[in-house]
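Test case, fold it:
(one chain, ligands or ions: 1)
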Amino acid sequence: MVNNRSCNFHTLFQRLTAQRYQNLVRRVSRVAGNRALGGLGASAVPFTLSDYREWLKTILGGEQGTCPCEYCGSYVTIETTVNDHRLPLSRGGSSGFENLAISCARCNNQKGAMSGPAFRDLMRLLNSWQYADRHDVLHRLETATRLAIDEQRHRAIDAKHNSVRYQRHFEQRL
Ligand SMILES: [Zn+2]
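Purely as a prediction, here's the structure:
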């Protein structure tokens, strides 16, 4: 019974880490592309999927382990943690382990493109405010991040449509 459960958990760990690693590669490649650095692509992530799994296992204390979110201190597991770059990639942050934080999804959303230390300072300040004020600011931050992600997604879809339209236009002229 116990073996069965840990076996299922191992499968879940493998699946989640593979997805997160793929997301990481995609994000790093996109920023590298935006910076027009050329030739960086997938190799811009300086560690392999198996390095990533070992790194997470060490920090969490095993595949079923748990550790505090670097920003709010709430405990996260492999199911609830997200990749967070302390200094965002868009601001020149490195894609290595030294810049990768263990964060809960909520903090990651609220943090947006802020640096880790600035976000921690903001959280400290907000914690000294009344709940309603703190809630209002954090809610705005989450909303702004969600809108920015939506906009990015729409821009990517538009770019794809435009390139198909251009291709058709070009073919008609041949
Ligand atoms: Zn958190």
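
Point out where the protein drops to low pLDDT.
For the chain, the stretches with pLDDT under 70 are 1-3, 34-43, 170, 173-174.

Residue ranges of each domain in it, please.
Structural domains assigned to the chain are 2-111, 129-174, following automatic domain parsing.

mind listing the strands for the protein?
For the chain, applying DSSP state E gives strands covering 67-68, 75-76, 81-85, 100-104.

Any chance of a markdown table for those strands, columns mean neighbour count?
Bear in mind the C-beta positions are built from the backbone N, C-alpha and C, glycine included. Compiled in a markdown table, the strands of the chain are given as follows (neighbours: other C-beta atoms under 10 Å):
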| stretch | mean neighbour count |
| --- | --- |
| strand 67-68 | 14 |
| strand 75-76 | 17 |
| strand 81-85 | 21 |
| strand 100-104 | 21 |
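
Could you say which one of those comes nearest to the ion?
strand 100-104 (3.5 Å; C-beta to the ion).

Partner strands of the closest one, with direction?
strand 81-85 (antiparallel) (DSSP bridges).

Export the strand it pairs with to CSV, keeping only CA atoms.
Only the C-alpha atoms of strand 81-85 are listed here, as CSV (Å, rounded to 0.1, in the frame of the first residue of the first chain):
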residue,chain,number,x,y,z
THR,A,81,5.5,25.6,-5.8
VAL,A,82,6.2,27.5,-9.0
ASN,A,83,9.5,28.7,-10.7
ASP,A,84,10.3,32.2,-9.7
HIS,A,85,13.4,34.2,-10.8
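
Report whether that strand contacts the ion.
No. Strand 81-85 lies out of reach of the ion by C-beta under 5 Å from the ion, never closer than 9.1 Å.

can you list contacts of that strand?
Contacting residues not belonging to strand 81-85 are listed as 20, 23-24, 27, 56, 60, 69-70, 93, 95, 99-105, 107-108, 111, 116 [C-beta atoms under 8 Å, 6 or more residues apart in numbering].

Quick check: bridge partners of the spatially most central residue of the chain?
Against the mean C-alpha coordinate of the chain, by C-alpha atoms, centre = their mean, the closest residue is N83 at 3.9 Å. For N83, the beta-bridge partners under DSSP bridges are I102.

Surely R134 touches M123?
No. Applying C-beta atoms under 8 Å, one finds R134 not in contact with M123, separated by 9.2 Å.

Dihedrals phi and psi, Q64?
When read as degrees, to the nearest 10, the backbone of Q64 gives phi -100, psi 20.

ok, so what distance separates the closest residue to it other than its chain neighbours from the ion?
Of all residues not flanking Q64 in the chain, F9 sits nearest, at 5.5 Å (C-beta to C-beta, 6 or more residues apart in numbering). For F9, the distance to the ion (C-beta to the ion, to the nearest Å) stands at 23 Å.
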